[in-house]
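S.K.: Sequence first, then the predicted structure, then my questions.
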Amino acid sequence: HLATSLPLPSERDHLRPRIDLVVFMIDIKSKYSLKNVETSLAHVDASFFLGKVCFLVTGVGRVNACSIETNAVCKLGEAYCSPVLFCELELEGIRVTTAQRLVRMLGICAGHTPGVSALSFVSLMRKSDDD
């Protein structure tokens, strides 16, 4: 399910399926995109930041058109202890690989991967302080 911003409308709460993973998409060419995500973050329950949120940054193939510093997005990921994935959706191979990564993450977050929890998965993805 897709939403352009949060909070989600409450009138259909009883019909909404369980949310296993929240993916915030940030278009690196749009400062509004980052602002919208920053505003929406306040509406996510704190428990989701334990492995059930990630940031997907699109448009990274066009460095000249960037309106957002990649460092700002990385800091956002660090602040919320959530992974940041960078991709270029216009390239089919990268788009397919990114979709596969998200589906694998979703499987882990939904509890369909034996022996791996969302929290342990995110801890594996975190950058070491020595890097």
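M.R.: Looks like it came in fine.
S.K.: And the contacts of stretch 83-93?
M.R.: Contact with stretch 83-93 is made by 54-62, 70, 73-74, 76-77, 94-95, 97-98, 101-102, 122, 125-126, as judged by Cβ atoms under 8 Å, 6 or more residues apart in numbering. All C-beta spots, glycine's among them, are computed from the backbone N, C-alpha and C.
S.K.: Which ones among those residues lie within helices?
M.R.: Mapping the contacts of stretch 83-93 onto helices (DSSP state H) picks out 70, 73-74, 76-77, 94-95, 97-98, 101-102, 122, 125.
S.K.: Show me which of those residues is closest to residue 108.
M.R.: residue 122 (9.2 Å; Cβ to Cβ).
S.K.: buried subset of the contacts of stretch 83-93?
M.R.: 54-60, 73, 76-77, 98, 102, 122 (16 or more other Cβ atoms under 10 Å).
S.K.: Residue 66: neighbour count?
M.R.: 14 (other Cβ atoms under 10 Å).
S.K.: ah, wrong one, I meant residue 11
M.R.: Neighbours around residue 11, by other Cβ under 10 Å: 7.
S.K.: Starting from residue 18, give me the distance back to it.
M.R.: 18 Å (Cβ to Cβ, to the nearest Å).
S.K.: lowest-pLDDT helix or strand in the protein?
M.R.: Lowest on mean pLDDT, DSSP states H and E among the helices and strands of the chain sits helix 118-125, with a mean of 73.
S.K.: From the contact counts, what lies against it?
M.R.: helix 92-109 (3 or more Cβ pairs under 8 Å, 6 or more residues apart in numbering; DSSP states H and E).
S.K.: from the chain's centre, how far out does the helix it packs on sit?
M.R.: Relative to its parent chain, helix 92-109 has a centroid offset of 11 Å by Cα atoms, centre = their mean, to the nearest Å.
S.K.: Could you number the chain from 22 rather than 1 from now on?
M.R.: Understood, numbering begins at 22; the last thing we discussed is helix 113-130.
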